[in-house]
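Asks: Sequence isn't available, so here's the structure alone:
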């Protein structure tokens, strides 16, 4: 396994910040992605998330259902929503795309760390993270802008968690981009450990393009 090589303190700092910020934002993103506490309505006892809505009329006892269900578990939720609103449908599509590019960025990052020390991989991971940020920010904006048009309410902790994950993701994208300029190539490994004394060595770069040396010649030069 070949691990990534970086140049200078800026490269090393960018590597650690991009790694920590990626995994931290991904954990927060997945948690927020699955929770139903994005908006809590005050005019109706309902809370909603990207994938589920819940009747919170009884304190400590939430009765939840998927947005894709044809009927919801209580009369309150059925009366409040006749199916998922438009901003929910749009947010679901946006979040799926964001999650896909999140995973792509992670795969590129792992390949760059463990298999190929190539700046282009980290640059591609940065671009993938930027796409994730764009789609995730659209979801956060939709919930903040359109989520409270039908009923009064407030943004709950899952929305704030998604916002924090979004900000950290932006930092990850920036430092991955910086890191891509400080990646060093892996050292060349000579698989032929024993050099044939009769073999010839060609130097193709000027001014050695027309000169041919044998290993004995090179050793003799060093002895002098």
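Replies: Cool, got the structure. None of the values given here were measured: they were computed from a predicted structure.
Asks: Distance-wise, check the most centrally placed residue in the chain relative to residue 45.
Replies: For the chain, the residue nearest the mean C-alpha position is residue 102 (3.6 Å; CA atoms, centre = their mean). Distance from residue 102 to residue 45, counting by CB to CB, to the nearest Å: 33 Å. Just so you know, the C-beta spots here come from the backbone N, C-alpha and C atoms, and that holds for glycine as well.
Asks: cool, residue 8 as well?
Replies: As for residue 8, its distance to residue 45 is 57 Å (criterion: CB to CB).
Asks: same thing with residue 84?
Replies: Counting by CB to CB - residue 84 and residue 45 are separated by 18 Å.
Asks: One more: residue 136?
Replies: Distance, residue 136 to residue 45, using CB to CB: 29 Å.
Asks: Give the helix, strand or coil label for residue 68.
Replies: For residue 68, the assignment made with DSSP: H, G, I helix; E, B strand; the rest coil gives coil.
Asks: The residue lying closest to it once chain neighbours are set aside: what's it in contact with?
Replies: On the basis of CB to CB, 6 or more residues apart in numbering, the spatially nearest residue to residue 68 that is not a chain neighbour turns out to be residue 84, at 7.7 Å. Shown in contact with residue 84 (CB atoms under 8 Å, 6 or more residues apart in numbering): 67, 68, 92.
Asks: What's the ChimeraX syntax to select whichever of those residues are buried?
Replies: Provided next is the ChimeraX selection string for whichever of those are buried by 16 or more other CB atoms under 10 Å:
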select :67
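Asks: Between the contacts of residue 84, which sits nearest residue 25?
Replies: Nearest to residue 25, judged by CB to CB, of the contacts of residue 84 is residue 92 at 20.0 Å.
Asks: what mean pLDDT does the host helix or strand of residue 12 have?
Replies: Per DSSP states H and E: residue 12 is located in helix 8-34. What helix 8-34 shows for mean pLDDT is 91.
Asks: Name the next helix or strand downstream of that helix, please.
Replies: Later in the chain than helix 8-34, the nearest helix or strand by DSSP H and E is strand 39-41.
Asks: can you list contacts of that next one?
Replies: Contacts of strand 39-41 (CB under 8 Å, 6+ apart): 47-48, 56, 80, 143, 147-148, 151-156, 159.
Asks: again, 7 Å this time
Replies: Strand 39-41 is contacted from outside by 47, 48, 143, 147, 148, 151, 152, 153, 154, 155, 156, 159, using CB atoms under 7 Å, 6 or more residues apart in numbering.
Asks: Repeat that for stretch 119-130.
Replies: 101, 104-105, 108-109, 111-112, 169, 172-173, 176-177, 179-181, 183.
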